[in-house]
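> Have a look at this prediction, sequence included:
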Amino acid sequence: MSKFITFEGIDGAGKSTHIAFVADYIQQRGIELVSSREPGGTPLGEKLREIVLHEKMHLETEALLVFASRREHIAEVIEPALARGAWVISDRFTDSSFAYQGGGRGLDRAKLEALEQWVHADLQPDLTLLFDVPLDVARARLDATRELDKFEQEKADFFAATRNEYLRRAAQFPQRFRVIDSTQSIAAIQLQIASILDACF
Ligand SMILES: Nc1ncnc2c1ncn2[C@@H]1O[C@H](COP(=O)(O)OP(=O)(O)OP(=O)(O)O)[C@@H](O)[C@H]1O
Ligand SMILES: Cc1cn([C@H]2C[C@H](O)[C@@H](COP(=O)(O)O)O2)c(=O)[nH]c1=O
């Protein structure tokens, strides 16, 4: 049976590091897998991603654009894959909007809930892996590796609020969230992920 798995966490928490591992782990069992990301995942979504990650805009514009990208992603990629029995893994989904636009930027949660109802009233991830790290660890990892985008340049209080909102949601939806202490070694995290996935097969 198809499964929809999402990866979440503040920038630098380490989620992208584990996506290839998860993809291999699932595909080794002969399961068709679609690996995607947000914002993005479709040609239009990737154009929206460029705008969202690099242009300054009103926080409501930002929320509308990430949900516009998501609408396209669901229609073009996620729903068709799930309908044919494939598994879908997505690097970020709607929890990112609650964490970044809601927690980080302070957008009213009710507005995000309304968008969520509009765009995917009947779709939720089966499993959400939340990679959780203290801000200083995430910041050090980012500084060591790349040129920072608009979000990655935000200050510590933005990421503190983003992280808090993620943890609040994990407590609100314990049936689908698994919180992973991302200060562990990559090998230790992979062992933990493997045991989480084993429970899904
Ligand atoms: N557990 C870990 N221990 C040490 N370094 C790590 C760990 N996990 C990831 N890293 C390193 O931290 C950096 C950021 O990791 P990664 O790109 O996976 O983060 P991310 O959460 O996907 O960030 P973003 O959301 O901004 O893409 C990479 O250089 C990666 O090798
Ligand atoms: C889906 C989504 C994403 N964002 C932000 C979070 C990240 O800073 C970037 C995506 O970059 P990544 O390093 O490739 O994860 O976009 C957001 O603010 N709201 C969203 O809904």
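Alright, I've got the coordinates. Ligands and ions are numbered 1, 2, ... in the order given.
> Count residues in the vicinity of the nearest residue to Glu152 once chain neighbours are set aside, would you?
Among residues not flanking Glu152 along the chain, Asp11 sits closest, at 4.8 Å (CB to CB, 6 or more residues apart in numbering). Yep, even glycine has a C-beta here, placed from its N, CA and C like the rest. For Asp11, the count of nearby residues is 20 (other CB atoms under 10 Å).
> ranges for the helices of this protein?
Using DSSP state H, the helices of the chain run over residues 15-27, 43-54, 59-73, 79-83, 94-96, 109-120, 135-145, 156-172, 186-198.
> which one of the ones you listed has the lowest average pLDDT?
Of all the helices of the chain, helix 135-145 carries the lowest average pLDDT, namely a mean of 91.
> close to ligand 2, is that one?
No. Judged by CB under 6 Å from any ligand atom, helix 135-145 stays clear of ligand 2, getting no closer than 9.2 Å.
> any idea how far ligand 2 is from Arg71?
Counting by CB to the nearest ligand atom, to the nearest Å, the gap from Arg71 to ligand 2 is 12 Å.
> Next, the contact list for that residue, please.
Val119 (CB atoms under 8 Å, 6 or more residues apart in numbering).
> what are the phi and psi angles of Glu154?
With angles defined as degrees, to the nearest 10, Glu154 sits at phi -60, psi 160.
> Now it. Nearest residue, chain neighbours left out?
Distance criterion CB to CB, 6+ apart; nearest residue to Glu154, sequence neighbours excluded, is Gly104 at 6.7 Å.
> So the one you found is in contact with Lys155, correct?
No. In this structure Gly104 lies outside contact range of Lys155 using CB atoms under 8 Å: 10.0 Å.
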